[in-house]
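[1] pasting the sequence and the predicted coordinates here, then a few questions.
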Amino acid sequence: MIRCIAVDDEAYATKIIADYIQKIPNLELVGTTTSPIEAINWVQEGRVDLVFLDIQMPELTGIQFMKICGSRCKVILTTAYPEYALEGYEHDVIDYLLKPIPFDRFLKAVHKAQAVLQQPTIQASSASHDNPPLATATTGAGHPAQASPYMFIKGESKNKFIKIDYDDILYIEGLKNYVSVYMQGQRLVTYLTLKNMEEQLPQPPFYRIHKSYIVSIDKIRMVDGNTVYIADKVLPIGESFRENFLKLIREQD
C-alpha cells in the first residue's frame with residue numbers, strides 16, 4: 001500500500017483528494033490536514049510515502065515544504081496556479097495537477113507515482129502503460145478462449161497482474177482510458193478501454209448495455225424499462241444498445 005496524505009489550507013480541497021484516494025486500490029489515506037507543519041511531522045515520523053500538496057498556503061508554501069522534507073516522500077502538487085509548474089518539477093515532483101482536478105487526471109498522476117514508488121529492484125524491460133493489460137488466451141477472432149473462466153488485468157505496479165474470475169464480476173464501468181471492475185465488496189481499476197475489455201470478455205454472460213457499462217447477465221436482479229438492477233446498483237440502458245439487449249433478455253424466458 002502507498003500511504004498518502006492531502007495537504008491544503010482549504011479543508012474542502014483536502015476532502016476532494018481524500019475521496020479520490022479512497023476510490024483507488026493500493027492507496028491508503030493516512031490523513032488530511034490544513035497545516036503543512038503537521039504534515040511535515042507525519043513525513044518525518046516515516047508515516048507517509050506520497051503527499052498531495054497545495055502550493056499557496058499561508059503557514060508554509062508547498063515549495064518550502066518540499067525543501068524541508070527533501071527525499072523523505074514523493075509529492076504530487078495540487079494547485080490553481082500553473083506558473084509554479086517549472087519550479088515544482090525542479091524539486092522532482094511526480095506530477096502537477098491544476099484545480100479543479102478531474103478524477104481521470106488524478107488517476108493518471110497516481111499511476112505515475114505507483115510506477116516510481118513500486119519499482120522492482122531489478123528493472124524488467126520497459127512496458128507502456130498505454131498497452132492493454134494481459135487477459136486470458138484469445139481465439140483467432142479476438143474473443144477469449146472458453147476454457148478459461150478468468151482473466152488477468154494489469155495492477156498498479158509495473159509487473160503486477162491480478163486474476164479475476166468471470167463469475168465474480170458484477171459489472172464494468174469505463175471512463176476514457178481506464179475501467180473499473182466491480183465485484184461484491186470490491187472495485188479494481190486498470191488502464192484499459194471499455195472496448196478492449198468487451199473484446200476480452202466471454203459473451204455471454206457479459207453484455208454491453210451502455211457506452212459506459214458492461215454487465216454480467218447472470219448478476220442482473222431486474223430489468224425495468226431503461227434500467228438494469230445489479231446488487232445495489234442501478235445502471236442505465238443506452239438508446240443504441242436497448243433493442244438488442246431487450247431481445248437477449250426475452251430470449252432467456
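    Nice, thanks for sending it over.

[2] show me the residue at the heart of this protein, geometrically.
    Val189 (4.4 Å; CA atoms, centre = their mean).

[3] how far does the helix or strand encompassing that one sit from its chain's centre?
    Per DSSP states H and E: Val189 is located in strand 186-191. Centroid separation between strand 186-191 and its chain, computed with CA atoms, centre = their mean, to the nearest Å, is 6 Å.

[4] does the closest residue to the residue nearest to the centre of the chain other than its chain neighbours sit in a helix, a strand or a coil?
    Sequence neighbours aside, Ser180 is the residue nearest to Val189 in space, at 5.3 Å (criterion: CB to CB, 6 or more residues apart in numbering). Just so you know, the C-beta spots here come from the backbone N, C-alpha and C atoms, and that holds for glycine as well. Secondary structure, DSSP: H, G, I helix; E, B strand; the rest coil: Ser180 is strand.

[5] tell me how far Ser180 lies from Thr33.
    29 Å (CB to CB, to the nearest Å).

[6] these two: who's more crowded?
    Thr33 (19 against 16; other CB atoms under 10 Å).

[7] what sits opposite that one in the beta ladder?
    Thr33 has the following beta-bridge partners by DSSP bridges: Val7.

[8] would you agree it is in contact with Ala39?
    Yes: using CB atoms under 8 Å, Thr33 is in contact with Ala39, at 5.3 Å.

[9] circling back to that earlier point, the residue nearest to the centre of the chain contacts Tyr178, doesn't it?
    Yes: using CB under 8 Å, Val189 is in contact with Tyr178, at 5.9 Å.

[10] who touches both of the two?
    By CB atoms under 8 Å, 6 or more residues apart in numbering, Val189 and Tyr178 have these common neighbours: Leu107.

[11] what's around Ser212, how many residues?
    Counted by other CB under 10 Å, the residues lying close to Ser212 total 15.

[12] without its sequence neighbours, what residue ends up closest to it?
    Gly174 (5.3 Å).

[13] who's that neighbour bridged to?
    Going by DSSP bridges, Gly174 forms beta bridges with Val179.

[14] quick one: contacts for it?
    Per CB under 8 Å, 6+ apart, neighbours of Gly174: Ser180, Thr193, Leu194, Met197, Lys211, Ser212, Tyr213, Ile214.

[15] and the gap between the second one and Lys247?
    Just to be clear, that refers to Thr193. In terms of CB to CB, Thr193 sits 26 Å off from Lys247.
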